[in-house]
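1. quick one: sequence and predicted model below, then my questions.
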Amino acid sequence: MDQIFPNLRTFLDQLRQDDDLAVVSAAVDPYLEAAEIHRRVVAAGGPALLFERVIGADFPIATNLFGTSRRAEMAFGRHPRRLIERLVEVTGQIMPPTPTKLWGARDLATQAFRIGVRRSRNAPVTEVVTSDPYLNRLPAMTCWPNDGGPFITLPLVYTEHPDGLGHNLGIYRLQVHDRESTGMHWQIGKGGGYHYTVAEERHEALPVTVFLGGPPALTLAAVAPLPENVPELMLASLILGQRLSVCDGPGPHRLIADAEFALIGRVEPGIRKPEGPFGDHYGYYSLRHDYPVFKIEQLAHRKDAIYPSTVVGKPRQEDFFIGDLLQD
């Protein structure tokens, strides 16, 4: 039976039990040093990392979470593949439909009832809620010498279409500009960028919520190249194997109850700020360009929040193992 990881710390607990988590108690600098350690460990096929003491920050960093095939498969599970194989099997067997054939496929109906979201009264992400985002106290890493600054590299960026035509969850890097704003590196023609285009054409701000941490299934759902109107939260629930816990928050969006952080704010129309350079996936720096600005108005987080991060660059990096599993 697949293990279910409803949040980041249950996954870390399992890695600790498997002796696949290295806890670094020495002070580590988020400027270049943490990223260099990460890269060397990935190259060696080493364990996930938990940096307990990060210079200048209030929270520890968890990184290299999915940096081997084993950890990626453990985090995201075999459930989605088995379900798809079962759907293909049933599609070939059920036509033409008969009561007997439909009864034989009843297991799919049972699984369908487990997909979706459910409201939770237990919402660790709202243990601390503040109107002072203090992004400068988050351990955002500067990964390469010529990077334009520190970047949040595992943000789960949630937006909704201004006309209520669905939501998007994507990973778009966020360069930290100051204690309350970041860049928003989204592509205008898809996902959150499309939602922003619609809002900007109306001279409206687009509400945005960025989650850090939560069920590992959220990360795979955010990376998956889904058709525009297929909801990522539904895919996350499918990967998780149970309904996704959500709760009311201080902003307009429901929050992922088991996330470590939620950055709540908006992207105003017509405002751009230089973003980059950034040491990118293909082994070179993407250049400096103007991008929209995410203004954070409220920050919610667990009292003992853990900041998840990754490092990108010339393959193989951690994202290789996520992409390989997703392709499979």
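-> Received the coordinates, thanks. Numbers count the residues shown, from 1 in each chain.
2. give the partner strands of whichever strand or helix holds V176 in its sheet and their orientations.
-> Element membership for V176 (DSSP states H and E) is strand 174-178. According to DSSP bridges, strand 174-178 forms sheet pairs with strand 151-152 (antiparallel), strand 181-183 (antiparallel).
3. how about those, which one is nearest R202?
-> Evaluated with CB to CB, these place strand 181-183 nearest to R202, the distance being 22.1 Å. (Each C-beta comes from the backbone N, C-alpha and C, glycine too.)
4. which residues touch that closest one?
-> For strand 181-183, the surrounding residues in contact (CB atoms under 8 Å, 6 or more residues apart in numbering) are 135, 152, 173-177, 273, 275, 291-296.
5. coming back round to it: in JSON lines: the strands paired with strand 174-178, plus mean pLDDT and mean neighbour count.
-> Converted to JSON lines, those look like this (pLDDT from 0 to 100; neighbours: other CB atoms under 10 Å):
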{"stretch": "strand 151-152", "mean pLDDT": "97", "mean neighbour count": "27"}
{"stretch": "strand 181-183", "mean pLDDT": "98", "mean neighbour count": "25"}
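6. of all those, which lies closest to F211?
-> strand 151-152 (11.1 Å).
7. so what's the gap between that closest one and the chain middle?
-> In this view, strand 151-152 has its centroid 12 Å away from the chain centroid, taken as CA atoms, centre = their mean, to the nearest Å.
8. ok, stretch 117-127 next?
-> On CA atoms, centre = their mean, the centre of stretch 117-127 falls 18 Å from that of its chain.
9. and the pLDDT for T100?
-> Listed pLDDT for T100 reads 64.
10. what bits of the chain have low per-residue confidence?
-> 1-2, 77-115, 188-189, 227-229 (pLDDT under 70).
11. so which bits of the top strand by length along it are buried?
-> Scanning the chain for the longest strand, with DSSP state E as the assignment, gives strand 261-275. Buried residues in strand 261-275, counted by 16 or more other CB atoms under 10 Å: F261, A262, L263, I264, G265, R266, V267, E268, P269, E275.
12. run the angle between that strand and strand 174-178 for me.
-> 80 degrees (axes from the mean of the first three to the mean of the last three CA atoms, to 10 degrees).
13. show me what strand 261-275 is packed against.
-> helix 191-201, strand 206-212, strand 289-301 (3 or more CB pairs under 8 Å, 6 or more residues apart in numbering; DSSP states H and E).
14. for the stretch 1-150 of the chain, just list every one of the strands.
-> 21-24, 48-51, 61-63, 117-119, 128-130 (DSSP state E, counting those that start in this stretch).
15. can I get these in TSV including mean neighbour count and distance to R302?
-> Output for these, formatted as TSV (neighbours: other CB atoms under 10 Å; distance: least, CB to CB, whole Å):
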stretch	mean neighbour count	distance to R302
strand 21-24	16	18
strand 48-51	24	15
strand 61-63	25	13
strand 117-119	13	19
strand 128-130	13	7
